[in-house]
Each structure stands twice: as C-alpha cells, then as structure tokens.
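[1] Return a 3D structure for these sequence lines:
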Amino acid sequence: MSPTFSSLSNSNYRRYAAGGVVSNVGTWMQRVAQDWMVLQLTGNSGAAIGITTGLQFLPFLLLSPFAGVVADRIPKRRLLQLTNLGMAVPALILGLLAVTGNAHIWHVYVLALMLGVASAFDAPARQSFVSEIVDKDDLTNAVGLNSASFNAARIVGPALAGLLIAALGGGVVATGYVILVNSFSYIAPITMLRRLDERLLHSPDLVIREPGQIRAGVAYVRGRPDLMLMLAIVFFTGTFGLNFQMTSALMATQVFDKGPTEYGLLGTFMAVGSLTGSLIAARRERVRQRLVIGAALAFGTLEMISGLMPTYTWFALMTPLLGITALTMITAANAFVQVSTDAGMRGRVMALYMMIFIGGTPLGAPLIGWIGEQYGARWTLLLGGFMTVVGVGVATLVFARARGVLTPDQRAGNLVPRVWHNQTVARARK
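    Numbers count the residues shown, from 1 in each chain. I've put the predicted structure just below:
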C-alpha cells in the first residue's frame with residue numbers, strides 16, 4: 001500500500017475513517033445551510049452570522065480544559081459516541097424547526113451554543129483517540145488522512161448543500177432539510193465506533209478522578225518547552241493568519257470587485273491546496289519541529305505576498321499554496337504534540353491545543369477585520385502574515401533555545417532544549 005494511505009491497512013482505522021468522511025460532509029453541509037438560514041431569518045445580517053459563529057466557538061474557550069480531563073477519565077470510544085449524539089440532537093431540532101416553519105433566529109443562537117458545547121468535548125477526545133487506533137509509527141499518517149478527509153468534505157459538502165438548497169426552493173425550509181441530512185450523518189461515526197475491535201486498541205489506563213487535574217495538565221505543558229513551542233506556533237497562525245473566510249471575501253469584493261461566484265472559487269482553490277497539504281503530510285513517517293516551524297514561516301510569508309497580488313487571477317493562484325503550507329503546519333503540529341505527550345495526559349494536552357488553536361480566532365478576527373475597514377483589505381493579509389512570521393520567530397527563540405543551548409537533536413530537526421532533554425534521559429534511566 002502507498003505510504004500516503006498506510007493507516008488504511010488497519011481495519012479499525014478504516015472503520016473510524018469511513019464514519020468520519022460521512023460526518024465531515026454533513027458538517028460542511030450544515031455550515032453552509034446554517035449561514036444561509038441566518039441570512040434568510042435576519043434579512044442578510046452579517047452581524048447575526050458573526051454571533052452564530054462566535055457562540056459555536058465560545059465553548060472551546062470556556063470548556064476545553066475540563067473537556068480534556070473528561071477525555072482522560074472516560075474511555076474515548078464511549079465518550080465519542082456520546083459527543084456525536086450530542087452534536088446530532090441540536091442539528092435535528094434546528095432542522096425540524098426549519099422544515100415546519102417555526103425557526104427563529106434565537107433558536108439558531110441557542111442550538112449553535114449547544115452544538116459548540118458538544119464539539120468542545122468531542123475535539124480533545126477525537127484528536128487523542130487516533131493514537132489509540134493506530135501504532136505510533138502510523139500516527140502522523142493517520143492525522144494527515146484525517147485532515148485530508150476534512151478538507152475533501154470541505155469541497156464536497158458546500159457544493160451538495162448549495163445544490164439541495166437551490167433544488168428545494170432556497171428558503172428557510174430548504175436549509176432545514178439540509179441540516180436534517182447532517183443530523184442523520186452522525187449515525188455513521190456512532191455505528192463505526194461501536195464496530196471497532198476493542199482488542200486492537202491501544203487504550204491507556206484511565207486517570208483516576210482527583211483534585212487539581214486541570215492544573216496538572218497545564219503544569220505538564222509549561223514544563224515542556226517543546227510543547228509550548230507548538231502551542232505558540234498554532235496560536236499565532238490560528239489567531240492572525242488563518243482568517244481566510246474574512247480576508248478572501250474582502251479581497252474578492254473590495255480589491256478585485258468580484259461577486260459571490262469568484263469568492264466561492266477562492267474557497268474551492270484553498271480547499272484543494274489544503275487537501276494536497278494533508279496528503280503530503282500523511283506521507284511522512286516522522287514529524288520534526290523544524291517542519292512545523294518552516295511551514296508556519298512559509299505560510300506567513302506567502303500570506304504577505306498574497307496581499308500584494310495585482311489581479312484576482314494571481315491572488316487565486318496563491319490560495320492553493322496557502323492551503324498547502326497551512327495544512328502542513330497544522331497536521332505536523334498535531335502529530336508532534338500527540339506523539340510526544342504521555343498517554344495519561346494526552347486528552348488534557350490536546351484540549352489545551354484545541355483551545356489555543358481554535359479559541360484564538362475570535363480574538364484575532366475582530367482586529368484583522370478592523371484593520372481591513374481602516375486601511376483596506378490588503379492589510380488584512382499583510383498584517384496577518386507579518387504577525388504570524390514575527391510570532392513564530394519569537395516563539396522559536398524563546399522556547400527552543402532555553403538558556404541558549406540546544407541538544408544534538410537539532411541536527412535531526414528537533415529543537416529541544418538541553419534542560420528538557422536531560423530530564424527526559426534521567427526519567428528513562430530510572
């Protein structure tokens with residue numbers, strides 16, 4: 001089997017991935033349908049879409065540390081079945097309200113918040129469960145294939161949603177039927193999780209409930225400069241760089257005077273690049289910190305260059321390159337954090353990872369948007385790229401050069417401080 005798809009030789013991973021593909025397509029269908037429903041209910045209010053998105057992100061900021069503890073205490077296979085059910089219920093309720101003509105905007109807000117709560121508990125469990133399905137040597141490949149599945153769905157899901165909404169009349173009722181499709185899509189991952197062969201899972205011992213477990217997770221990360229570096233990189237790229245939906249819309253409409261069709265094409269080009277980046281990352285057997293740093297710096301640099309493109313065509317040609325570098329960084333950072341984290345801490349560490357990565361978006365997006373309003377759309381990309389490059393560069397110096405001394409591992413691309421290296425060796429000798 002090709003190295004790109006080596007994890008698919010694992011029967012458990014094949015089942016898990018199959019359920020994920022169906023669910024991811026449904027998720028992207030609902031994202032499009034929900035935004036269209038909000039526009040229909042509010043008379044094209046962009047602020048209402050922002051509120052809806054913010055409510056879905058808010059639980060990641062508030063609940064992720066606790067969700068990480070839960071992921072370490074409860075068997076992840078069982079927890080993921082519950083979280084998938086928790087995401088299916090609000091989708092089912094919203095879909096039924098819409099198709100019966102009873103949906104109001106406050107319904108969307110409340111159900112978006114409910115969906116966000118379930119997602120906040122789902123994310124750390126789902127991210128860390130991959131390491132229990134595949135062997136350590138296949139983890140990078142499996143993480144890459146998961147990203148590929150998500151980005152393939154990003155191409156297919158919105159297209160299907162658009163076709164169905166148009167075929168069903170284009171109103172609120174039409175969006176309700178699409179959202180109902182998503183609610184039923186969660187049956188696939190729940191079923192596949194039940195069908196996993198438990199004997200083949202690498203399940204760690206569950207963490208016993210005791211006080212201070214969130215603080216213990218934070219202290220564990222603070223004592224690991226290599227993990228701190230990864231979190232700093234995803235914070236700067238996620239907060240300032242990965243605002244494509246907003247920046248692409250501003251560039252398409254304000255700079256190049258294009259309509260919704262051309263804006264939609266930018267999203268498709270970006271998704272193609274992201275899918276390519278995911279597959280490239282899946283081919284790697286090992287992930288080194290140098291890859292994460294290099295991809296983040298390349299992404300920030302390309303983002304600044306994109307802000308200088310003179311025509312729509314040249315800007316569109318840059319978007320796949322942005323997608324490739326962004327997904328290479330995201331996939332590599334995710335795999336590195338999972339591989340280098342103790343099994344009993346993995347849920348809490350991945351919860352902090354998701355909180356910083358996803359939770360930074362509501363912080364950076366308003367700033368980037370304000371810059372765009374004040375100084376023009378090009379500055380959203382120039383500033384976002386600049387902050388990414390500077391932030392990643394400073395983080396590398398601060399966390400990867402503790403006391404200015406690096407271990408010989410740097411020659412292999414692992415910029416691990418000697419202090420942490422010596423502690424690791426000492427523990428291994430005990």
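
[2] how about stretch 266-275 as CSV, C-alpha atoms only?
    These are the backbone C-alpha positions of stretch 266-275, laid out as CSV (Å, rounded to 0.1, in the frame of the first residue of the first chain):
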residue,chain,number,x,y,z
LEU,A,266,-11.3,31.1,-3.8
GLY,A,267,-12.7,28.8,-1.2
THR,A,268,-12.5,25.8,-3.6
PHE,A,269,-8.9,26.6,-4.6
MET,A,270,-8.0,26.9,-0.9
ALA,A,271,-9.6,23.6,-0.1
VAL,A,272,-7.7,21.9,-3.0
GLY,A,273,-4.4,23.2,-1.6
SER,A,274,-5.4,22.1,2.0
LEU,A,275,-6.3,18.6,0.8
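
[3] And the contacts of that stretch?
    Contacts of stretch 266-275 with the rest of the structure, by CB atoms under 8 Å, 6 or more residues apart in numbering, involve 147-148, 151-152, 154-155, 158, 244-245, 248, 251-252, 315-316, 319-324, 326-327. C-betas here are computed from N, CA, C, even on glycine.

[4] change it to 6 Å
    148, 151-152, 154-155, 244, 248, 316, 319-320, 323-324, 327 (CB atoms under 6 Å, 6 or more residues apart in numbering).

[5] do stretch 329-337 as well
    By CB under 6 Å, 6+ apart, stretch 329-337 touches 139-140, 143-144, 147, 230, 234, 278, 281, 287, 291-292, 295-296, 299, 353.

[6] Pull out the buried members of the contacts of stretch 266-275.
    148, 151-152, 154-155, 244, 248, 316, 319-320, 323-324, 327 (16 or more other CB atoms under 10 Å).

[7] Okay, buried residues for stretch 86-94 please.
    Result for stretch 86-94 [16+ other CB under 10 Å]: buried residues 86-88, 90-94.

[8] Which helix or strand contains residue 291?
    Using DSSP states H and E, residue 291 sits in helix 289-306.

[9] Quick check: next helix or strand after that helix?
    Beyond helix 289-306 toward the C-terminal end (DSSP H and E), the next one is helix 312-339.

[10] got the angle for the next helix or strand after that next one vs helix 312-339?
    Sequence order places helix 346-359 as the next helix or strand after helix 312-339, per DSSP H and E. Interaxial angle, helix 346-359 versus helix 312-339 (axes from the mean of the first three to the mean of the last three CA atoms, to 10 degrees): 160 degrees.

[11] Once you drop chain neighbours, what's closest to the residue most central in space within the chain?
    Among the residues of the chain, residue 358 comes closest to the average C-alpha position under CA atoms, centre = their mean, at 6.8 Å. Nearest residue to residue 358 in three dimensions, chain neighbours excluded: residue 60, at 4.8 Å (CB to CB, 6 or more residues apart in numbering).

[12] Report all helices and strands that the helix or strand harbouring the one you found contacts.
    Element membership of residue 60, judged by DSSP H and E, is helix 46-73. Using 3 or more CB pairs under 6 Å, 6 or more residues apart in numbering; DSSP states H and E, the elements in contact with helix 46-73 are helix 11-42, helix 105-133, helix 213-222, helix 346-359.

[13] Next, the buried residues of that helix.
    Of the residues in helix 46-73, those buried (16+ other CB under 10 Å) are 48-61, 63-65, 67-72.

[14] Helix 346-359 and that one, what's the angle between them?
    Going by the same axes, to 10 degrees, helix 46-73 makes 170 degrees with helix 346-359.

[15] How far does helix 46-73 sit from its chain's centre?
    Centroid separation between helix 46-73 and its chain, computed with CA atoms, centre = their mean, to the nearest Å, is 13 Å.

[16] cool, stretch 345-352 as well?
    Using CA atoms, centre = their mean, the distance between the centre of stretch 345-352 and that of its chain works out at 15 Å.

[17] Average pLDDT for it, rounded please.
    Mean per-residue pLDDT for stretch 345-352: 82.

[18] nearest spatial neighbour of residue 231, skipping sequence neighbours?
    That would be residue 356: by CB to CB, 6+ apart, it lies 5.2 Å from residue 231.

[19] What of residue 348?
    Nearest to residue 348 is residue 217, by CB to CB, 6+ apart, at 3.2 Å.

[20] what's the burial count for the one you found?
    23 (other CB atoms under 10 Å).

[21] cool, residue 173 as well?
    17.

[22] if I look at it, how far off is residue 95?
    10 Å (CB to CB, to the nearest Å).

[23] now residue 226
    44 Å.

[24] Same check on residue 8?
    In terms of CB to CB, residue 8 sits 32 Å off from residue 95.

[25] between these two, who's got more neighbours?
    residue 95 (25 against 17).

[26] Go ahead and confirm that one touches residue 178.
    No: at 7.9 Å, residue 95 does not count as touching residue 178 under the criterion of CB atoms under 6 Å.

[27] With just CA atoms, put stretch 318-336 into CSV.
    Extracted C-alpha coordinates of stretch 318-336, given in CSV (Å, rounded to 0.1, in the frame of the first residue of the first chain):
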residue,chain,number,x,y,z
MET,A,318,-1.7,31.9,-4.4
THR,A,319,-4.5,30.3,-2.4
PRO,A,320,-3.6,26.7,-3.1
LEU,A,321,-0.1,27.4,-1.8
LEU,A,322,-1.5,29.0,1.3
GLY,A,323,-3.6,25.9,1.8
ILE,A,324,-0.6,23.5,1.4
THR,A,325,1.6,25.3,3.9
ALA,A,326,-1.2,25.9,6.4
LEU,A,327,-2.3,22.2,6.5
THR,A,328,1.3,21.0,6.5
MET,A,329,1.9,23.1,9.7
ILE,A,330,-1.5,22.1,11.3
THR,A,331,-1.1,18.4,10.6
ALA,A,332,2.6,18.3,11.7
ALA,A,333,2.0,20.2,14.9
ASN,A,334,-1.0,18.0,15.8
ALA,A,335,1.0,14.8,15.2
PHE,A,336,4.1,16.1,17.1
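
[28] List the buried residues in that stretch.
    Going by neighbour count (16+ other CB under 10 Å), the buried part of stretch 318-336 is 318-336.

[29] cool, stretch 186-200 as well?
    Neighbour-count burial for stretch 186-200 [16+ other CB under 10 Å]: 186-190, 192-193, 196.

[30] Show me the shaky parts of the stretch 201-350 of the chain.
    Low-confidence segments of the stretch 201-350 of the chain, defined by pLDDT under 70: 205, 207-211, 245-246, 249, 259-261, 263-264, 285.
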